[in-house]
Every structure is written in C-alpha cells, then in structure tokens.
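return a 3D structure for these sequence lines:
(chains A and B)
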Amino acid sequence: GAVVSQHPSWVICKSGTSVKIECRSLDFQATTMFWYRQFPKQSLMLMATSNEGSKATYEQGVEKDKFLINHASLTLSTLTVTSAHPEDSSFYICSAATSEPYEQYFGPGTRLTVT
Amino acid sequence: AQTVTQSQPEMSVQEAETVTLSCTYDTSESDYYLFWYKQPPSRQMILVIRQEAYKQQNATENRFSVNFQKAAKSFSLKISDSQLGDAAMYFCAYRRNNAGNMLTFGGGTRLMVKP
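Got it, this is the predicted structure:
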C-alpha cells in the first residue's frame, strides 16, 4: 500500500515552453502533498506544500508564478513549470501525506531537462 | 527553524561489516519524529526507519537501528551486516508532530559498500 506515482518520469522540453508534472496517490487519500527539487548530489529542497482545494504554500525564494501547483483532488497534485529555462532543469519529487499519523510517501521523481 | 546536519558527506564500509551514519538536529519542539531515508541510484526515496521523540527505546528494523539521544539532539543510523544493496544516499529528516508539517532533510551521506 501507500504508492505514489509521478508522470512523466523524464521530460525534455524547449526553453520557453511549459511542462506539467503529475503526482498521484494510488491507494490512499492524501490530505497534503509536497513538491521537492533536488539538484545532483544534493539534498531535497522543499518547494511548496499543497492541500486539496486550497492554494499552495510556497517556500521562500520559490517563484509561485513560475511553479504553478494545483491540488485538485485528494489523489492528484500537479506542478507546472511555466516558461521553462535551462536553469529549471532538475529532479522534481513529490510526496503525499496521509492523515494521522501524517506519514509521507514519495513518488519516484521526474527528471526535467530544458534545452 | 529546525535544522538537520549530516557531517559525513561520504562513508564506506566493507561488505558484512557495520557502519554508523551521524545526524544531529536542532529544534525547540518536544514532540517530533526523526527519519532515515535511503535514496538508491533509482532516486526513489525509501523510508528506512522512524523514531518518535517521546519514545526512549531506539527503533530497529532488521539490520538497521538508531541511537537516539534526545538531550544531545543526535540521531545516528547503524547498518549491520552491510550488503551491496545498501549502497545509496542516506538522508536524515525531521518532522514536527502536527498535521501537514513538512520534512526537513539533512544534506545526505553517500554510503559506498566494498565487496
């Protein structure tokens, strides 16, 4: 149980285009979902926290207009990187949290390459 | 703000031997959780072990155990009988015991296992 999927697993896009990444909790309802960014050989950096039906809470330094997060249902959250640039190339990981005891389960990640 | 520090960027261990990964954290909270996550080359985050701060007994999961020193704010991971499959990045993480609170990760330790 407690499986989280991400789609796509790898995406290449041209500079200036937008790309959407989906995060789904497959067998549980996620009250909260988190989006992380991970650079090579570095730790996970929290970008934003989203709760179903409400606006995401972004961490300091994360551009909310560039990284659009939508948490439309208890099993789906999406991250849209708008007007992508090469510096947005990174590994993006989502996690989904259950209700009590608020355990987080991680998706397999999405590698974004912007050319 | 909470911080998590892993002072060992890299560690190596001989197969079948024991290795200990260090983690310290800083918090003013009394009710929280601590975790060790493994990130293999696939980059899927895998929960290795969790510790509830109010429990004095150290958590154990098969070959993995922790040494939780609450007063010292130390949370080390011991891997016994190391296996080649244990080679990965290991992240220590902290979470307050409230709904929706995010994980704070340490910088990670790369563990290499020598055959």
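
residues from chain B in reach of chain A?
Within chain B, the positions adjacent to chain A are B:42-45, B:91, B:95, B:97-103, B:105-108, B:110 by CB under 8 Å from any CB of the partner chain. (Each C-beta comes from the backbone N, C-alpha and C, glycine too.)

let's see 10 Å
For chain B, the contact set with chain A under CB under 10 Å from any CB of the partner chain comprises B:4, B:6, B:9, B:33, B:35, B:37, B:39, B:42-47, B:50, B:52, B:89, B:91-93, B:95-108, B:110.

narrow those to those that are buried.
Among those, those classed as buried by 16 or more other CB atoms under 10 Å in any protein chain shown are B:4, B:6, B:33, B:35, B:37, B:39, B:43, B:45, B:47, B:50, B:89, B:91-93, B:95-96, B:101-108.

show me those that map onto helices.
Of those, none are assigned to helices by DSSP state H.

count of neighbours near the spatially closest residue to A:Thr17 that is not a sequence neighbour?
Distances taken as CB to CB, 6 or more residues apart in numbering or on different chains put A:Ala84 closest to A:Thr17, at 6.0 Å, once the chain neighbours are dropped. Using other CB atoms under 10 Å in any protein chain shown, A:Ala84 has 22 neighbouring residues.

which SS class is A:Ala84?
Reducing the assignment at A:Ala84 to three states with DSSP: H, G, I helix; E, B strand; the rest coil gives coil.

would you mind measuring from it to B:Arg110?
29 Å (CB to CB, to the nearest Å).

can you dump the C-alpha coordinates of stretch B:86-104 into CSV?
Output of stretch B:86-104 as CSV, limited to C-alpha atoms (Å, rounded to 0.1, in the frame of the first residue of the first chain):
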residue,chain,number,x,y,z
ASP,B,86,22.8,-0.8,0.9
ALA,B,87,24.9,1.5,-1.2
ALA,B,88,23.0,4.7,-1.6
MET,B,89,22.5,8.2,-0.4
TYR,B,90,21.1,8.3,3.1
PHE,B,91,19.1,11.3,4.4
CYS,B,92,18.2,12.1,7.9
ALA,B,93,15.0,14.0,8.3
TYR,B,94,12.9,15.7,11.0
ARG,B,95,9.2,16.4,11.2
ARG,B,96,7.1,18.1,13.9
ASN,B,97,4.1,16.1,15.1
ASN,B,98,1.4,18.2,13.6
ALA,B,99,-0.8,17.7,10.5
GLY,B,100,0.8,18.9,7.3
ASN,B,101,4.2,19.7,8.7
MET,B,102,6.9,19.1,6.2
LEU,B,103,10.1,17.1,6.5
THR,B,104,13.4,18.9,7.0
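
since that was my last question, I'll sign off now.
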